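>>> Got a predicted structure here, sequence first:
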Amino acid sequence: EVQLVESGGGLVQAGGSLRLSCATSEPSFENYAIGWYRQAPGKAREPVSCINMSDGHTTSVDSVKGRFTISSDRAKNTVYLQMNSLKPEDTAVYFCAAGPWGCYPTSYWGQGTQVTVSS
């Protein structure tokens with residue numbers, strides 16, 4: 001079982017920034033895709049951004065392009081989501097997920113971290 005642990009969520013004002021972290025001890029981490037998803041109250045979970053660890057290719061949904069950046073630190077087995085220019089509509093529980101089949105992975109999930117953006 002792959003363990004994923006998210007951290008870095010919190011309360012921030014609109015226009016502010018947060019950096020989320022997704023850490024794993026999975027030894028095959030470098031061969032996985034790691035994705036960030038979010039789920040707002042009353043809404044379905046949706047993909048946000050993803051990185052393919054094998055080649056570094058990244059992808060993000062249009063609503064966060066130019067504001068969110070996904071990156072990785074192989075030495076720490078950690079993937080980050082840098083979120084800038086946050087908007088109230090970014091408020092959600094953010095989850096990271098991992099899997100061996102490319103973006104967007106759904107095999108393993110973290111417990112989620114709350115991000116709240118106040119107006």
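Great, that's in hand.
>>> The spatially most central residue of the chain is in what secondary structure piece?
Geometric centre of the chain, nearest residue: Trp36, 2.8 Å, by CA atoms, centre = their mean. Remark: Trp36 resides in strand 33-39, with elements defined by DSSP states H and E.
>>> contacting residues for the residue nearest to the centre of the chain?
Residues near Trp36 by CB atoms under 8 Å, 6 or more residues apart in numbering: 20, 22, 47-50, 70, 79, 81, 94-97. The C-beta positions use only the backbone N, C-alpha and C, and glycine is treated the same way.
>>> Which one of those residues is nearest to Ser119?
Nearest to Ser119 among the contacts of Trp36, counting by CB to CB, is Tyr94 at 18.9 Å.
>>> Pretty sure the closest one sits against Gly35.
No - shown here, Tyr94 and Gly35 do not form a contact pair, counting by CB atoms under 8 Å, at 10.8 Å.
>>> rewinding a little: can you tell me which of the contacts of Trp36 lies nearest to Tyr108?
Ala97 (6.3 Å).
>>> Downstream of the strand or helix carrying that closest one, the next helix or strand is which one?
For Ala97, the host element (DSSP H and E) is strand 92-99. Remark: after strand 92-99, the chain's next helix or strand is strand 108-109, criterion DSSP H and E.
>>> Quick one: name whatever helix or strand follows that next one.
Next in line after strand 108-109, if elements are assigned by DSSP H and E, sits strand 113-118.
>>> in that following strand, what counts as buried?
For strand 113-118, burial by neighbour count (16 or more other CB atoms under 10 Å) applies to 113, 115, 117.
>>> residues contacting the nearest residue to the last one once chain neighbours are set aside?
The shortest distance from Val117 to any residue other than its chain neighbours is 4.6 Å, reached at Leu86 (CB to CB, 6 or more residues apart in numbering). Going by CB under 8 Å, 6+ apart, Leu86 touches 12, 14-18, 67, 115, 117.
>>> give me phi/psi at the closest residue in space to Tyr108 that isn't next to it in sequence?
Distances taken as CB to CB, 6+ apart put Val2 closest to Tyr108, at 4.0 Å, once the chain neighbours are dropped. Note on Val2: its backbone torsions stand at phi -80, psi 130 [degrees, to the nearest 10].
>>> Understood, closing this out.
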